[in-house]
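S.K.: let me see the structure of the following:
(2 chains)
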Amino acid sequence: MFVIKNKQILANDIKRIDVHAPHIAKKIQPGQFVSVCPQEGDERIPLTVVEADQIKGTIALIFQEIGETTKHFGAIPINESVFSILGPLGTPAKIEKKGTVVCIATGIGAAQILPICRAFRKAGNKVIGIVGAKTKRTLLLEAQMRLSCNKIFITTNDGSWERRGVVTDALKDMIQKQEVDLVYAIGSAEMMQAVCLLTQTKNIPTRVALNPMMVDCMGMCGSCRVKIGEEILLACVDGPEFDGHKVDFNHFNIRVNAFKGIEEWHNRSSQPNPKNDEPKTFRKFLSGILRE
Amino acid sequence: MQGCPLGINIPGFIRHLREGQIREAYERIKEKNPLPSICGRICSAPCEVSCVLTDEGAPIGIRALERYSSDFGRTKQKRQTVFSKGKKIAIVGSGPAGLAAASELAAQGYQVTIYEALDKPGGVLRYGIPEFRIPKKILDEEIGEIKALGVEIETNFFIGQTATLKDLFEKGFVAILLATGAGMPKFMELPGSNLGGVYYGEEFLMRVNLTRPATFSRQKPNFMLGSKVAVIGSGNTALDCARACVRYGSQVNLVFRRTEEEMRVRREEYEFGKEEGIAAEPLVKPIEIVANLNNFVGGLKCIRMDYAESTEEGKWDLVPVPDSEFVLDVDTVIIAIGHKPNSLIGKFDSHLVMNAEGTIRLDEETGMTSIPAVFACGNVVTNAGPVVEAIASGKNAAKNIVSYLK
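M.R.: Take a look at the predicted model:
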């Protein structure tokens, strides 16, 4: 039913897959996501829809192969079908005319911010994008981001492309130079926390899209509970967009880290165990010789 | 016979069984109950309470007899030829209430489509109850029989998001039945409930049920499950979680505030659980989940409770025993203290009037919600209840729809 129409390798383990899902393509709005179950018996993974083509009836999903399920999804060839895709889920992003909107993303978050950038631009805002990546190679969707933003700043951790540093450096410079009406951040928990701390000093409204672990993505499990202000909300139903200044990031960090071990566990089980004394890689082998 | 909410002719089918006519007994049950082999397994059996032999010792095991006759007396049903009324009815949710209503409506010649959000039909029967209580094969057979009546089941379809109620009416449905159930977990205000290794009962059972059935007993689960588990709660969900953990090879402590006599599960099920090796801690109230250095569960701090005489007549009050705090040495905590009704659909349709506790408000005479031609049944109306009452409510809603469409 959900046939894969196109597949593209964007970076080392990041893939883009276009799936035929006309029901979802018709209804999806920026900020919403779908839950994908690649094979029968797999976990369900929430993925943000990057683009939806209503004429072809396809949705584009970008994801990183980190766990077992994402690896299964990445391994499905073109013209084969995915077991189940449910969507659209979550509340759509609040898009309104604000003035100057800064959209910040790191890593895979660039895929999630792209539809939001486009929507803000369409609503008549001046959109400034700040995209961060580890190196130039892992920078995602640069061309698309350049087209959808009025102005773009790119930071890489090692300085291999444009500015060297992290996204918060670029944001710090920007909010000193000019007026910013809204900041929208998607990425790792540490980055979102740093952005919120920075904008709190200048009282700039900040929105973040939280991405905790989800099981059924419909509010039935409570796995994606996040603490917003004093109450506990579900990121799959009430979110994923929340007011960044109200989010309890300590709570969120614990929730995100609670499932880190699973990924390690999956990666470990798939790799053969190297024997104790043997050199593990060619480089270590060489370094062993050189030391002697 | 009065005890059954579905009105199954219990003496009648037992008489058939006594004479060895299993097939006839099955047909007698099937007249009233569209899901006999499910009920034979997980029904709360109010009939056994009202059995005349209850006072004289043990009641007749009506549930076991129902299970036997539905497992061995099942006949391949021919597709019944009912004159189609040409009216389309949509049912949201494929749990027990939705399936019961679908079979009732399809038998009367309506064209029924069930919309299910997850990838397979069954609702709580598939995702909320583990394999050892309802084998998936039995469930597939039951659903296959309902499909044979001409019911269409559309999976991966989330009413409210993929299509709204308005879209359904535009598609040509003349009536909609909401049977979304009560699957949302009730959050517990327990310090430390955000730590790693804390699951809610629904989440845990869904993770268990989403894994491949073959991996269940032999392999490790695909989520973090420690070797020592504490399950908080005394209901069916808690017991199911505990028994599923035992099957993964964990040591389980069942922690609950009541006494064993007050548990809201069948005695039989609890005895099974104890035989499987669940250690029960009755009259214990958890106060805090203790974290270890990595922000995972390091222990469960509890306090013992006891009955003390209170001012009200005949009522006993539970009070904590002073200086009785102790820490259970566990590395996983499962919280299963209850459900909330799944009234997400009210979020997307503001015309739907809700009660304060989140259930859908119904008109008492017609059984209709505040939107015309939209009905509701099952646990989303009653908040909580056993499967047999959900089936009865589904059948009742089917009756209401028929009388509305006439």
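S.K.: just want the residue of the stretch 101-250 of chain B that's nearest chain A.
M.R.: residue B:196 (2.9 Å; Cβ to the nearest Cβ). Using the backbone N, CA and C atoms, a C-beta is placed for each residue, glycine as well.
S.K.: quick check: nearest residue in space to that residue, chain neighbours excluded?
M.R.: residue A:258 (2.9 Å; Cβ to Cβ, 6 or more residues apart in numbering or on different chains).
S.K.: and the residue of the stretch 101-250 of chain B closest to chain A, what are its bridge partners?
M.R.: Taking DSSP bridges as the rule, residue B:196 bridges to residue B:296.
S.K.: remind me which helix or strand residue B:113 belongs to.
M.R.: Residue B:113 is part of strand B:111-115, with elements assigned from DSSP states H and E.
S.K.: who does that strand pair up with?
M.R.: strand B:88-92 (parallel), strand B:152-154 (parallel).
S.K.: and those strands as TSV, adding mean neighbour count and mean pLDDT?
M.R.: Conversion of the strands paired with strand B:111-115 to TSV gives the following (neighbours: other Cβ atoms under 10 Å in any protein chain shown; pLDDT from 0 to 100):
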stretch	mean neighbour count	mean pLDDT
strand B:88-92	25	91
strand B:152-154	17	91
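S.K.: format those strands as a markdown table; extra columns: distance to residue B:229.
M.R.: Output for those, formatted as a markdown table (distance: least, Cβ to Cβ, whole Å):
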| stretch | distance to residue B:229 |
| --- | --- |
| strand B:88-92 | 35 |
| strand B:152-154 | 35 |
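S.K.: strands of the stretch 151-300 of chain B, residue ranges please.
M.R.: Along the stretch 151-300 of chain B, counting by DSSP state E, counting those that start in this stretch, strands occupy B:152-154, B:173-178, B:184-185, B:198-200, B:228-232, B:251-255, B:279-281, B:284-291, B:297-309.
S.K.: ok, then the element right after the strand holding residue B:113?
M.R.: helix B:124-127.
S.K.: what helices and strands are in contact with that following helix?
M.R.: Judged by 3 or more Cβ pairs under 8 Å, 6 or more residues apart in numbering or on different chains; DSSP states H and E, helix B:124-127 is in contact with helix B:136-148, helix B:201-210.
S.K.: that helix - what's its average pLDDT?
M.R.: Mean pLDDT, taken over the full extent of helix B:124-127, equals 87.
S.K.: okay, that helix in CSV with CA atoms only?
M.R.: The C-alpha coordinates for helix B:124-127 follow below in CSV (Å, rounded to 0.1, in the frame of the first residue of the first chain):
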residue,chain,number,x,y,z
VAL,B,124,-7.0,-3.4,23.2
LEU,B,125,-7.4,-7.1,22.4
ARG,B,126,-4.2,-7.0,20.3
TYR,B,127,-2.1,-4.2,21.8
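S.K.: what inclination does the strand or helix carrying residue B:390 have with respect to strand B:173-178?
M.R.: Here residue B:390, judged by DSSP H and E, is contained in helix B:387-405. On the basis of axes from the mean of the first three to the mean of the last three Cα atoms, to 10 degrees, helix B:387-405 is oriented at 160 degrees to strand B:173-178.
S.K.: any buried residues in helix B:387-405, and which?
M.R.: Across helix B:387-405, burial judged by 16 or more other Cβ atoms under 10 Å in any protein chain shown covers B:387-398, B:400-402.
S.K.: again with stretch B:276-296
M.R.: For stretch B:276-296, by 16+ other Cβ under 10 Å, it's B:278, B:280-284, B:286-291, B:295-296.
S.K.: hmm, back to that, now do the same for the residue of the stretch 101-250 of chain B closest to chain A: its pLDDT.
M.R.: For residue B:196, the predicted pLDDT is 83.
S.K.: distance check, the residue in the stretch 51-200 of chain A that chain B sits nearest to against residue A:119.
M.R.: Closest residue of the stretch 51-200 of chain A to chain B, Cβ to the nearest Cβ: residue A:84 (3.7 Å). Distance, residue A:84 to residue A:119, using Cβ to Cβ, to the nearest Å: 27 Å.
S.K.: ok, now residue B:158?
M.R.: Going from residue B:158 to residue A:119 by Cβ to Cβ gives 22 Å.
S.K.: what's the answer for residue B:316, then?
M.R.: Relative to residue A:119, and taking Cβ to Cβ, residue B:316 is found at 60 Å.
S.K.: those two: who's more crowded?
M.R.: Taking other Cβ atoms under 10 Å in any protein chain shown, residue B:316 and residue A:119 do not tie; residue A:119 has more neighbours (20 against 11).
S.K.: could you look up the SS state of the more buried one?
M.R.: Using DSSP: H, G, I helix; E, B strand; the rest coil, the structure places residue A:119 in helix.
S.K.: quick check, it in contact with residue A:95.
M.R.: Yes. Counting by Cβ atoms under 8 Å, residue A:119 touches residue A:95, with 4.5 Å between them.
S.K.: shared neighbours, those two?
M.R.: residue A:30 (Cβ atoms under 8 Å, 6 or more residues apart in numbering or on different chains).
S.K.: now chain A against chain B: closest residue?
M.R.: Relative to chain B, the nearest point of chain A is residue A:258 (2.9 Å; Cβ to the nearest Cβ).
S.K.: look at that residue and say how many residues are nearby.
M.R.: Neighbours around residue A:258, by other Cβ under 10 Å: 23.
S.K.: I'd say residue A:29 and residue A:89 touch.
M.R.: No. Contact criterion Cβ under 8 Å: residue A:29 and residue A:89 do not qualify, at 11.1 Å.
S.K.: if you count surrounding residues, which of these two has more?
M.R.: Ranked by neighbour count (other Cβ under 10 Å), residue A:29 and residue A:89 place residue A:89 first, with 25 against 15.
S.K.: show the pLDDT at residue B:257.
M.R.: Confidence score, pLDDT, at residue B:257: 85.
S.K.: before we move on, what about residue B:211?
M.R.: On the pLDDT scale, residue B:211 gets 69.
S.K.: next one: the one helix or strand residue A:226 maps to to chain centre, how far?
M.R.: Applying DSSP H and E as the criterion places residue A:226 in strand A:225-228. In this view, strand A:225-228 has its centroid 19 Å away from the chain centroid, taken as Cα atoms, centre = their mean, to the nearest Å.
S.K.: equivalent analysis for stretch A:134-148, please.
M.R.: Worked out by Cα atoms, centre = their mean, stretch A:134-148 lies 13 Å from the chain centre.
S.K.: what does it rub up against?
M.R.: A:10-12, A:14, A:50, A:62, A:107-108, A:110-111, A:113-114, A:117-118, A:121, A:127, A:129, A:131, A:133, A:152, A:154, A:156-158, A:160-161.
S.K.: rounded mean pLDDT for the strand holding residue A:226, please.
M.R.: On average, strand A:225-228 scores 87.
S.K.: helices of chain A, residue ranges please.
M.R.: Secondary structure of chain A, counting by DSSP state H: helices at A:22-27, A:68-75, A:109-122, A:142-148, A:167-177, A:189-202, A:249-257, A:260-270, A:282-291.
S.K.: give me the nearest residue to residue B:130, chain neighbours excluded.
M.R.: residue B:244 (4.8 Å).
S.K.: isn't that neighbour up against residue B:208?
M.R.: Yes. Look at residue B:244 against residue B:208 with Cβ under 8 Å: they come within range, at 5.1 Å.
S.K.: of these two, who's got more company?
M.R.: Between residue B:244 and residue B:208, counting by other Cβ under 10 Å, residue B:244 is the more crowded of the two (27 against 24).
S.K.: tell me who's in contact with the more buried one.
M.R.: Contacts of residue B:244 (Cβ under 8 Å, 6+ apart): B:130, B:132, B:204-205, B:208.
S.K.: mind checking how far it is from residue B:196?
M.R.: For residue B:244 relative to residue B:196 (Cβ to Cβ), the value is 19 Å.
S.K.: I'd guessed residue A:196 sits against residue A:204; true?
M.R.: No. Using Cβ under 8 Å, residue A:196 is not in contact with residue A:204; the gap is 9.9 Å.
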